[in-house]
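1. I need the structure of the sequence given here:
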Amino acid sequence: MPRPRRYRRILGEPRVVAFSPEASEEGVEVEITLDEFEAVRLRDYHDIKQKKAAEIMGISQPTFHRTLTSARAKIAEALVEGRPIILKGGDYITDRRRYKCMDCQFEWISPEKEYKKCPDCDSENITLVSADTLPRMGSGGFGRGFGAGRGAPRVCKCIECGYEAPKTPGVPCRMEKCPECGAPMCGAD
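-> Residues are numbered from 1 along each chain as shown. Down below sits the predicted model:
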């Protein structure tokens with residue numbers, strides 16, 4: 001019995017999902033999966049070594065090589081035969097799942113886990129932020145990487161009376177109690 005396929009991690013979906021030759025006759029399209037597209041993007045466009053690209057996608061180096069070889073063969077077929085290319089499907093996950101707590105305004109990104117509660121204040125009043133609202137790679141942030149400086153809150157705030165206190169590093173705000181009213185605290189900026 002074969003092993004189940006592992007999901008390949010892609011850093012973002014392509015902006016354009018179809019390419020067609022100018023003088024194209026209606027023909028059979030060449031389908032390239034999004035994991036094949038990501039392999040070509042990492043190895044050929046960004047010139048990332050195969051071993052590192054496999055790590056980025058969360059797959060073995062031989063699997064990455066097979067994926068890349070398959071994508072290159074499909075691209076060559078489309079170019080030589082003048083056929084349209086369609087990008088779709090595949091076994092993949094993205095790193096573009098972002099959450100926001102509506103109570104404490106804490107934001108976090110999680111590619112692996114689906115959250116039901118805020119990791120900072122334990123509130124269930126969280127929302128999944130659309131991938132379209134996420135900043136693109138290389139934008140914003142003054143060199144602080146993806147997320148442009150977002151992270152743990154710097155202040156803990158009482159949800160009852162509004163009392164604020166500096167956040168203790170390494171201690172979630174939800175573990176703190178308000179010295180004024182005894183209510184739980186949550187993160188705030």
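
2. List the contacts of Glu29.
-> The contact partners of Glu29, taken as Cβ atoms under 8 Å, 6 or more residues apart in numbering, are 83-86. Where C-beta positions appear, they are placed from N, C-alpha and C, glycine not excepted.

3. Nearest to Glu55 among those?
-> Ile85 (27.0 Å; Cβ to Cβ).

4. Check the gap between Arg5 and Ser60 for me.
-> 12 Å (Cβ to Cβ, to the nearest Å).

5. Show me which residues of stretch 36-52 are buried.
-> Of the residues in stretch 36-52, those buried by neighbour count under the rule 16 or more other Cβ atoms under 10 Å are 36-43.

6. swap in stretch 76-93?
-> So for stretch 76-93, counting by 16+ other Cβ under 10 Å, buried means 78, 83-85, 87, 90, 92.

7. again, but for stretch 163-170
-> Lys167.

8. For that stretch, C-alpha coordinates in PDB please.
-> Provided in PDB are the C-alpha atoms of stretch 163-170 (Å, rounded to 0.1, in the frame of the first residue of the first chain):
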ATOM      1  CA  TYR A 163      -6.400  49.200  33.300                       C
ATOM      2  CA  GLU A 164      -3.100  48.900  31.300                       C
ATOM      3  CA  ALA A 165       0.200  47.500  32.400                       C
ATOM      4  CA  PRO A 166       3.400  46.700  30.500                       C
ATOM      5  CA  LYS A 167       3.500  43.100  29.200                       C
ATOM      6  CA  THR A 168       6.000  40.800  30.900                       C
ATOM      7  CA  PRO A 169       8.000  39.000  28.100                       C
ATOM      8  CA  GLY A 170       7.300  35.300  27.800                       C
END
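
9. How about residues contacting it?
-> 152-158, 173, 176, 178-181, 185, 187-188.

10. Flag the least confident of these.
-> Lowest in pLDDT among these is Ala152, which has 58.

11. hmm, back to that, how about the buried residues of stretch 76-93, which pair is most distant?
-> Arg83 and Tyr92 (23.4 Å).
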